[in-house]
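Sequence first, predicted model second:
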Amino acid sequence: KSEGHVEGEKVENPDTGLYYDEYLRQVIDVLETDKHFREKLQTADIEEIKSGKLSRELDLVSHHVRTRLDELKRQEVARLRMLIKAKMDSVQDTGIDHQALLKQFEHLNHQNPDTFEPKDLDMLIKAVSARYK
C-alpha cells in the first residue's frame, strides 16, 4: 500500500530549536498563501534568500497577507514583552532598559512593533541563517 503526500497536505517539520520557532512557522505559512511570493520562494536559491533579495518581494504580497503578518508581529512583540517582564519580575531589579532587552531579539525589528516590513523578513531570515552557520 503506497502512502504518498496528498496535494495541500501539511508536512510536519521538525522543531528548529529556535525560541521563535512558532513565529517563524507562522510567517512562512502566511507568506506561502500568497501565490506570487510562494512562486518566488520556490524558485529562489539559498543565496537569494540569505542576501535579502527575497525580502523585497514582501512589498508585492496582497493586503490580506500583509495585514496577517502585521498581526503576527504584534503577537510576537507582546510575547517577547511578556518574557522580558517575567525576567524583570524574577530579578526584581529596577532601572532595566527595555530597549536593550528587546535588542536581544534579533529576529524582528523591535523599533517598529506594529507592522511587518521587508526589514522584518530580512532579519528573520538572517537570524535563522546565523543559527545554522
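On my side now, so go ahead.

How is His107 assigned, secondary-structure-wise?
Following DSSP: H, G, I helix; E, B strand; the rest coil, the label given to His107 is coil.

if I look at it, how far off is Ala127?
Relative to Ala127, His107 is positioned 4 Å away (C-beta to C-beta, to the nearest Å). Just so you know, the C-beta spots here come from the backbone N, C-alpha and C atoms, and that holds for glycine as well.

Show me which of the two is the more surrounded one.
Using other C-beta atoms under 10 Å as the criterion, His107 and Ala127 rank with His107 on top: 22 against 16.

phi, psi of the more buried one?
phi -90, psi 0 (degrees, to the nearest 10).

Just to check, it is in contact with Asp122?
No. Judged on C-beta atoms under 8 Å, His107 makes no contact with Asp122 at a distance of 10.5 Å.

Check this protein for its longest helix and report it.
When the chain is parsed with DSSP state H, its longest helix is helix 63-91.

which parts of that helix are buried?
For helix 63-91, burial by neighbour count (16 or more other C-beta atoms under 10 Å) applies to Val65, Arg66, Arg68, Leu69, Leu72, Lys73, Glu76, Val77, Leu80, Ile84.

The first one: what's its closest spatial neighbour, skipping adjacent residues?
Here the nearest residue to Val65 in space, its sequence neighbours aside, is Asp34; by C-beta to C-beta, 6 or more residues apart in numbering that works out to 4.7 Å.
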